[in-house]
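Novice: Provided below for reference: sequence and predicted model.
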Number of protein chains: 2
Amino acid sequence: MSLSPANAPRPDEDAVLAGDPLDRSKDAFIAHWADMGSSWGVPRSVAEVHALLFIEGRPLCAEDIMERLQVSRGSVSTTLRTLADWGIVTRSRQRGERKEFFEAEQDVWNLLSLIVRARKRRELEPLLAALEDTKAVADDDASADPAALKAHLARLDSMHDALRRLDRLSDRFIGRGGKGLDVAVRLLSSLL
Amino acid sequence: MSLSPANAPRPDEDAVLAGDPLDRSKDAFIAHWADMGSSWGVPRSVAEVHALLFIEGRPLCAEDIMERLQVSRGSVSTTLRTLADWGIVTRSRQRGERKEFFEAEQDVWNLLSLIVRARKRRELEPLLAALEDTKAVADDDASADPAALKAHLARLDSMHDALRRLDRLSDRFIGRGGKGLDVAVRLLSSLL
DNA sequence: ACGAAGTTTCAATTTGTTCTGAAATCGAAG
DNA sequence: CTTCGATTTCAGAACAAATTGAAACTTCGT
């Protein structure tokens, strides 16, 4: 869906040669990473651009990405902004070039930490705030059956407590220059 | 989703349930849980049904759900099957009733474990298998520049290793009757 | 200050997903 | 084995999300 299988090979050195096994392996990686992304609510094209930058391991400009993934200028621009907001892709100006270049975080644990951080901010924190409001609404209810009210609040609390604990935990992960997740996983692997 | 034309968000909700503060609190919970679900790739109505069953804390039948959430029979059926597949909702027959009833897992840590288990199976494992294939494709490449090939394989490996470690870790979490996640979080909280 | 190169924005469109509703199927009770 | 209530299926309708493309904007060099 993303790449044409067997185009006329272009002699241009930046062109994609579908026949090159190394590029085919890169394409496969991009496709799988995009599949994963899309089942986790990350727009496919965002995941594709990230995968490309990660697997290339070198700065690319907007045009490189457009050609390689066959997507529009607008899409690339939007997508790169998203990735930059999440902190997993960084902009860099190249000396003597007017274009901007983009590069993906190469350390996988750091990458995962940045993803956790972004999602925590965007989703977990608002949910925690909303749950507090929800508890307040029920708390103000004088009219309900006391037993039902108590049970309801207990359910809200158990959910709220668990999520808050995950939230605090993720603060620690992401507080150690990206190495927290790595440390935590190693620790648990030996302890559990 | 809604039967009404185009404007106010979920007007039927208010019409049917406006009076009771406890129900309003439940509705708020359902809405927030659904928001979270939809940003994690869970269909909104699946998250809504789950939230309803969780927050009610008692078995409901298909018709109860249809009326409460104002969705169709077909949607409820599909949704309940999905939730049952993930293991976070269980079917139960009620004595003297021909209908099936459905009940949500009430222990939050167990719930989270079940979710992790389902997503691991559905997404992480296939990705790991795909990454192995991807490495094999590149490995077979005799024609490429050896340095580029080596760098490429190193990137694939770092990703593969990290994800495999997360995979193995999640095996431990979910192996302890749902308490593994709880234990792990408590452990890390004290150690980190 | 101007023009060229590069980037962003956004309305329209395309693409993909979810929901509905009625028909087919299932299965327990008589 | 027939009936009747409950459940599942599925084609099409309704909806939501992502992408495009072109205009507007920004930035740099001269």
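Specialist: Noted; the coordinates are in hand.
Novice: is any part of the lengthiest helix in chain A close to chain B?
Specialist: Counting by DSSP state H, the longest helix found in chain A is helix A:146-174. Yes. Using Cβ under 8 Å from any Cβ of the partner chain, helix A:146-174 reaches chain B at A:148-149, A:151-152, A:155-156, A:158-159, A:161-162, A:165-166, A:168-169, A:172-173. The way it works is simple: take the backbone N, C-alpha and C, and place the C-beta from them, glycine included.
Novice: my read is residue A:71 is in a strand, agree?
Specialist: No. Counting by DSSP: H, G, I helix; E, B strand; the rest coil, residue A:71 is not found in a strand; it is coil.
Novice: give me the neighbour count for residue A:106.
Specialist: Using other Cβ atoms under 10 Å in any protein chain shown, residue A:106 has 14 neighbouring residues.
Novice: correction: the previous question concerned residue A:41.
Specialist: So residue A:41, with other Cβ under 10 Å, has 14 neighbours.
Novice: contact partners for it?
Specialist: B:38-41 (Cβ atoms under 8 Å, 6 or more residues apart in numbering or on different chains).
Novice: assign it to helix, strand or coil.
Specialist: Strictly by three-state DSSP, residue A:41 counts as coil.
Novice: got the phi and psi for the closest residue to it other than its chain neighbours?
Specialist: Closest residue to residue A:41 apart from its sequence neighbours, by Cβ to Cβ, 6 or more residues apart in numbering or on different chains: residue B:41 at 4.0 Å. The phi/psi pair for residue B:41 (degrees, to the nearest 10) reads phi 80, psi 10.
Novice: would you mind measuring from residue B:41 to residue B:116?
Specialist: 14 Å (Cβ to Cβ, to the nearest Å).
Novice: where does the prediction get shaky in chain A?
Specialist: Along chain A, the model assigns pLDDT under 70 to residues A:1-19, A:178, A:192.
Novice: try 90
Specialist: For chain A, residues meeting the criterion pLDDT under 90 lie at A:1-21, A:93-98, A:137, A:139-145, A:169-192.
Novice: single out the residue in it that lies closest to DNA strand D.
Specialist: Residue of chain A nearest DNA strand D, by Cβ to the nearest atom of the strand: residue A:74 (2.1 Å).
Novice: in terms of helices and strands, where is that residue?
Specialist: Per DSSP states H and E: residue A:74 is located in helix A:73-86.
Novice: quick one: buried residues of that helix?
Specialist: Going by neighbour count (16 or more other Cβ atoms under 10 Å in any protein chain shown), the buried part of helix A:73-86 is A:75-76, A:79-80, A:82-83, A:86.
Novice: what's the answer for stretch A:143-153, then?
Specialist: Applying 16+ other Cβ under 10 Å to stretch A:143-153 flags A:144, A:149, A:152-153 as buried.
Novice: now do stretch A:50-66
Specialist: Going by neighbour count (16+ other Cβ under 10 Å), the buried part of stretch A:50-66 is A:50-56, A:59-60, A:62, A:64-66.
Novice: same question, stretch A:88-98
Specialist: Within stretch A:88-98, the residues scored as buried using 16+ other Cβ under 10 Å are A:88-89.
Novice: in whichever helix or strand comes after the longest helix of chain A, which residues are buried?
Specialist: Downstream of helix A:146-174, the next assigned helix or strand under DSSP H and E is helix A:180-191. Across helix A:180-191, burial judged by 16+ other Cβ under 10 Å covers A:180-185, A:188.
Novice: which of these sits closest to DNA strand C?
Specialist: Nearest member of these to DNA strand C, counting by Cβ to the nearest atom of the strand, is residue A:181, at 28.8 Å.
Novice: quick one, what contacts that closest one?
Specialist: With Cβ under 8 Å, 6+ apart, residue A:181 has these contacts: A:109, A:112-113, A:116, A:173-174.
Novice: hang on, the earlier thing: which of the buried residues of stretch A:50-66 are close to chain B?
Specialist: Filtering the buried residues of stretch A:50-66 for neighbours of chain B using Cβ under 8 Å from any Cβ leaves A:54-55.
Novice: in helices, which of the buried residues of stretch A:50-66 fall?
Specialist: Of these, the ones assigned to helices by DSSP H are A:50-56, A:62, A:64-66.
Novice: domain boundaries for chain A, per the record?
Specialist: By the assignment in automatic domain parsing, chain A contains the domains A:21-104, A:108-191.
Novice: endpoints of the last one, how far apart?
Specialist: Start and end residues of domain A:108-191 are separated by 23 Å (Cα to Cα, to the nearest Å).
Novice: do that domain and DNA strand D meet?
Specialist: No. Contact of domain A:108-191 with DNA strand D (Cβ under 7 Å from any atom of the strand) is absent, the minimum separation being 13.6 Å.
Novice: could you check how far the residue nearest the centre of chain A is from residue B:103?
Specialist: Taking Cα atoms, centre = their mean as the criterion, residue A:115 is the residue nearest the geometric centre of chain A, at 4.5 Å. Distance, residue A:115 to residue B:103, using Cβ to Cβ: 34 Å.
Novice: picking up where we left off before, and of the buried residues of stretch A:50-66, the nearest to DNA strand C?
Specialist: Nearest to DNA strand C out of these is residue A:62 (Cβ to the nearest atom of the strand; 4.2 Å).
Novice: for the closest one, what are its contacts?
Specialist: Each residue near residue A:62 by Cβ under 8 Å, 6+ apart is listed here: A:73, A:76-77, A:80, A:99-100, A:102.
Novice: identify the farthest-apart pair in the residues you listed.
Specialist: Maximum pairwise distance among these (Cβ to Cβ): 13.9 Å, between A:73 and A:102.
Novice: and stretch A:27-36, does that touch chain B?
Specialist: Yes. Using Cβ under 8 Å from any Cβ, stretch A:27-36 reaches chain B at A:28-29, A:32, A:35-36.
Novice: which residues touch stretch A:158-178?
Specialist: By Cβ under 8 Å, 6+ apart, the residues outside stretch A:158-178 that reach it are A:107, A:109-110, A:113-114, A:116-117, A:120, A:124-125, A:127-128, A:131-132, A:135, A:180-181, A:183-184, B:54, B:107-109, B:112, B:185, B:188-189, B:192.
Novice: okay then, goodbye and thanks.
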